[in-house]
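[1] I would like to see how this sequence folds:
(one chain, ligands or ions: 3)
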Amino acid sequence: MKFADIILPIASPKLYTYNIPEKLQGQIKPGQRVIVEVRKKLYTGIVERIHQQKPEYPTKEISDIIDKEPFIGENQLKFWHWIADYYMCTIGEVYMAALPPSLRLEGEQTVYLHSTDLHGILLTPDEQEVIDLIKKKNYTIDYLRKKTQNPKILRTIKSLVEKGVVRTGQNVENPYRPRTEKYVRLSPEIDSQEKLNKIFTSLSRAKKQSDLLLAYMSLAKFSFGRPAKEVKYKDLLEKVNSPSALKALTDKNILEVYEKQILRIGENLEISSEINPLTPAQQQAYDQISHLFQNKSVVLLHGITGSGKTEIYIRLIQEQIEQGKQVLYLLPEIAITSQIVARLQAVFGDKVGFYHSKLNDLERAEVWQRLNRPLAGHDSYKIIIGVRSAIFLPFRNLGLIIVDEEHENTYKQFEPAPRYNARDAAIMLAQLSDARVLLGTATPSVETYYKAKTGKYGLVELTERFEKIELPQIILADTKAASQKKQMKGIFHPLLLDNIQQALNAGKQVIMFRNRRGFAPYMECQDCGWIPKCKHCDVSLTYHKEDNKLVCHYCGYSIDVPRQCPKCGSFKIQIRSFGTERIEDDLKIFFPQANIHRLDLDSTRGKHSHQRIIEQFQSGKINILVGTQMVTKGLDFHNVSLVGILNADSLINFPDFRAMERAFQLMVQVSGRAGRRGSRGRVIIQTSQPEHPVFHYVMENDYQGIYQWIINERRDFNYPPFTRLIKITVKYKEEAMVDTFSKLLADTLRKYLKHRVLGPEYPPVKKIQNWYRKEILIKLEQGVSLTKVKNIIRTETDRIRRMENFYKIRVIFDVDPM
Ligand code: ADP
Ligand code: ZN
Ligand code: ZN
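    Ligands and ions are numbered 1, 2, ... in the order given. Okay, the predicted model is just below:
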């Protein structure tokens with residue numbers, strides 16, 4: 001008898017063995033999706049291995065197969081295992097992170113009708129039976145299986161999904177809306193004026209058709225020998241409203257209709273689709289990168305802000321496409337709607353696919369399907385622009401991965417497992433696919449720069465801005481001195497206000513930056529110092545002016561603003577600190593004529609509000625933009641002359657060994673937004689510690705300097721890149737249990753790992769949603785076997801968790817925590 005080990009979407013560390021029934025003999029291959037039953041529930045699993053070793057337990061049969069061919073490639077499976085091993089999670093957790101839910105149908109998913117127009121769609125009797133049932137009401141797959149007694153129900157549903165008739169998912173309220181748009185272009189076969197003339201002659205008696213063709217020509221600003229403008233299907237029909245004429249023209253192979261996944265940024269921005277010639281400095285960087293790629297699989301492009309890294313990426317991408325290879329372009333989440341992305345799409349058109357968090361499950365599934373097996377008439381994507389989870393997509397022919405803004409911590413997944421860093425995982429993925437990796441940034445992470453300096457990665461430095469635009473002038477505004485002299489105007493230093501006024505007078509725009517991590521606005525009793533805190537978490541509540549509430553940013557708990565202090569009865573309850581909301585309000589008082597807007601998580605809840613704000617700023621309707629990290633990335637505004645950084649203190653006082661590195665990165669990145677074109681920009685940083693060394697490096701734009709300073713500190717205090725960290729978090733609802741367990745675990749690990757075990761200690765927020773937490777930190781110097789240490793940690797944790805009541809305690813491993 002033959003058996004198959006199956007990966008299931010379950011957080012259990014082992015694979016499940018099923019036997020292969022007679023009827024499926026010879027049809028099961030590794031990487032294939034199959035259907036199996038676990039405790040009477042259906043799951044889609046992935047075949048890992050086929051063998052003949054009968055397990056000790058009785059095995060069940062594989063119920064059915066979903067695909068005839070493997071769905072997950074051999075390299076992908078290897079990659080999954082690497083993630084599970086390295087980041088200390090289970091293969092099932094990797095599987096769940098990798099595949100969108102609709103590609104791993106489960107009994108609990110709901111099936112609903114997607115299209116009521118069944119005209120011309122051929123259905124099998126099994127399929128018809130399902131349709132008849134869900135016409136009246138949505139049902140789960142498990143229910144449909146019981147009702148129809150169809151053992152192949154998942155296969156039936158998969159077929160219906162592929163025919164476009166039904167959809168499945170947990171999220172039925174969010175039905176599918178395609179976000180592709182149809183475009184029209186001239187068939188490439190018509191490549192000369194002569195041929196075109198002939199066509200017009202042939203259309204002389206089809207007036208509608210020739211009108212439509214003419215309308216296309218005019219919309220496309222068409223002429224031979226230069227690229228035509230892209231013409232939207234709907235714009236064309238707006239000019240000549242005759243779908244039948246368009247159909248006739250496409251049937252005759254004169255016009256072609258094609259689809260493009262659209263991104264709503266930049267629809268109203270003019271984005272050039274031409275490939276620019278590189279400047280000499282860019283050309284040199286490009287040549288160095290190509291040269292280094294002959295010997296190194298990873299190269300770091302350290303190019304200052306505005307040096308034109310995007311243009312270099314475009315060249316590298318183009319080169320890969322010419323060789324028939326695919327490219328993965330990774331971006332941090334906050335940059336996915338940036339102008340860079342619009343630019344790449346303008347250049348590469350429908351070769352580009354997107355993969356990011358605003359896509360719904362089905363849109364994700366479509367990207368998968370299209371990469372896995374090009375749908376009829378669709379070529380597979382050549383370029384995927386995506387956020388961290390895009391590393392799981394099924395590339396078949398990957399040549400290059402670009403990790404833009406490689407220093408960003410959004411590449412790290414915090415919750416749930418796998419807690420991977422997409423930058424580091426991308427390097428492993430490239431290795432498995434024989435591809436290259438380009439890391440790009442103006443402010444490399446210390447770990448990456450160290451690897452580049454010590455020769456592990458290639459290093460290319462681009463130190464010149466495009467058109468030699470000067471870097472901005474950076475001025476420190478000493479808030480301590482100013483408040484001693486009673487010169488502060490609320491939260492603003494007079495120097496900052498003066499400069500804003502000047503900028504506005506000159507018709508320029510201003511960006512005001514405030515770190516999200518900085519203290520959020522909270523309330524405090526002026527008499528006794530009482531601060532309202534969350535009932536469930538160990539944090540103070542954040543004040544939200546719009547609905548006059550105090551809200552917990554960890555769990556969402558909210559209360560009305562108290563009028564009276566519950567501790568001392570005082571009525572003097574005041575707002576402390578300042579968030580973006582407060583900055584916006586206060587600025588409105590100082591600059592009543594200016595149009596001031598906010599760009600942060602709260603102001604961009606709506607699906608397209610982010611783009612709307614960006615476009616309004618771009619077009620000059622907004623004079624001052626107040627924002628968080630969102631304003632730091634990928635925005636290239638031509639009219640910004642001033643950037644204000646409001647709470648630099650909170651950046652440098654943050655209790656973390658990476659605080660200095662992050663403070664530098666943030667300040668340099670935000671500064672890069674000032675004066676990109678035209679005159680020199682100016683940056684004003686408000687701080688009460690102007691003597692702090694980090695400002696010196698920011699003002700001099702001295703990356704090398706700050707790197708030396710930080711790397712020495714890291715060496716002295718044994719932090720990465722000189723050590724590797726593993727953070728173990730212990731969580732439970734009872735504080736005493738957390739204490740006992742974490743102490744026992746730390747002491748046990750210390751027996752093996754000695755001084756390398758630190759803690760347990762409380763994290764800065766010790767209770768979240770009523771769960772207490774304690775952390776143990778493992779610091780491993782170079783040369784220690786990671787595999788061995790991870791084994792010890794896993795075995796000992798499991799052993800202790802099996803004791804007494806400890807099995808309910810949650811233990812989380814985080815390798816390379818950020
Ligand atoms: P970076 O990502 O390095 O900060 P960008 O790639 O955003 O810089 O480039 C900054 C600006 O300079 C952009 O507006 C870009 O269009 C322009 N630019 C850069 N290089 C060129 C080039 N070779 N030709 C034309 N424009 C360029
Ligand atoms: Zn009080
Ligand atoms: Zn809370």
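[2] the strands in the stretch 201-350 of the chain, which residues?
    Taking DSSP state E, counting those that start in this stretch to define them, one finds strands in the stretch 201-350 of the chain at 231-232, 255-261, 298-303, 326-330.
[3] which bits of this structure sit near ligand 3?
    Within the chain, the positions adjacent to ligand 3 are 534, 536-537, 552, 554-555, 557 by Cβ under 5 Å from the ion. To be clear about C-beta, it is placed using only N, CA and C from the backbone, and glycine gets the same treatment.
[4] Now render those as JSON lines, adding secondary structure.
    JSON lines is the format used below for these (DSSP: H, G, I helix; E, B strand; the rest coil):
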{"residue": "C534", "secondary structure": "coil"}
{"residue": "H536", "secondary structure": "coil"}
{"residue": "C537", "secondary structure": "coil"}
{"residue": "C552", "secondary structure": "coil"}
{"residue": "Y554", "secondary structure": "coil"}
{"residue": "C555", "secondary structure": "coil"}
{"residue": "Y557", "secondary structure": "coil"}
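[5] Got a PyMOL select line for the buried ones in those residues?
    Per 16 or more other Cβ atoms under 10 Å, the buried members of those correspond to this PyMOL selection:
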select buried, resi 534+536+537+552+554+557
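[6] Identify all contacting residues around stretch 710-723.
    446-447, 450-451, 657, 660-661, 725, 779-782, 816 (Cβ atoms under 8 Å, 6 or more residues apart in numbering).
[7] Find the nearest non-adjacent residue to V38, please.
    Spatial nearest neighbour of V38, excluding adjacent residues (Cβ to Cβ, 6 or more residues apart in numbering): L8 at 6.6 Å.
[8] That should have said K808, apologies.
    Looking at K808 with Cβ to Cβ, 6+ apart, the closest residue is Y732, at 6.8 Å.
[9] pretty sure the one you found contacts F741?
    Yes: the criterion here is Cβ atoms under 8 Å, and Y732 meets it with F741 at 7.3 Å.
[10] Could you identify the helix or strand that succeeds the helix or strand containing E615?
    In the assignment (DSSP states H and E), E615 maps to helix 609-618. Following helix 609-618 in sequence order, the next helix or strand is strand 624-627 (DSSP H and E).
[11] Pairing partners for the very next helix or strand once past that next one, with directions?
    Next in sequence after strand 624-627, counting helices and strands by DSSP H and E, comes strand 640-645. When pairing is defined by DSSP bridges, strand 640-645 lines up against strand 509-513 (parallel), strand 682-687 (parallel).
[12] tell me the mean pLDDT for strand 640-645?
    Averaged over strand 640-645, pLDDT sits at 92.
[13] Check stretch 319-326 too.
    Rounded mean pLDDT across stretch 319-326 is 95.
[14] picking that back up, could I have the PyMOL command that selects the buried members from the contacts of stretch 710-723?
    Buried residues within the contacts of stretch 710-723, by 16+ other Cβ under 10 Å, are selected in PyMOL with:
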select buried, resi 446+447+450+451+660+661+725+779+780+816
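[15] Just the ones of the contacts of stretch 710-723 in strands?
    725, 779-781 (DSSP state E).
[16] thinking again about what came up before, around the residue nearest to K808, count how many other residues there are.
    Neighbours of Y732 under the rule other Cβ atoms under 10 Å: 23.
[17] and the gap between it and S192?
    Counting by Cβ to Cβ, to the nearest Å, the separation of Y732 from S192 is 75 Å.
[18] For the stretch 101-250 of the chain, give me the ranges with low pLDDT.
    For the stretch 101-250 of the chain, the stretches with pLDDT under 70 are 116-117, 169-180.
[19] and the protein, which residues reach ligand 2?
    When proximity is defined as Cβ under 5 Å from the ion, the chain approaches ligand 2 at 525, 527-528, 530, 565, 567-568, 570.
[20] Would you reformat these as TSV and include neighbour count?
    Shown next, in TSV, are those (neighbours: other Cβ atoms under 10 Å):
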residue	neighbour count
C525	21
D527	14
C528	12
W530	17
C565	20
K567	12
C568	13
S570	13
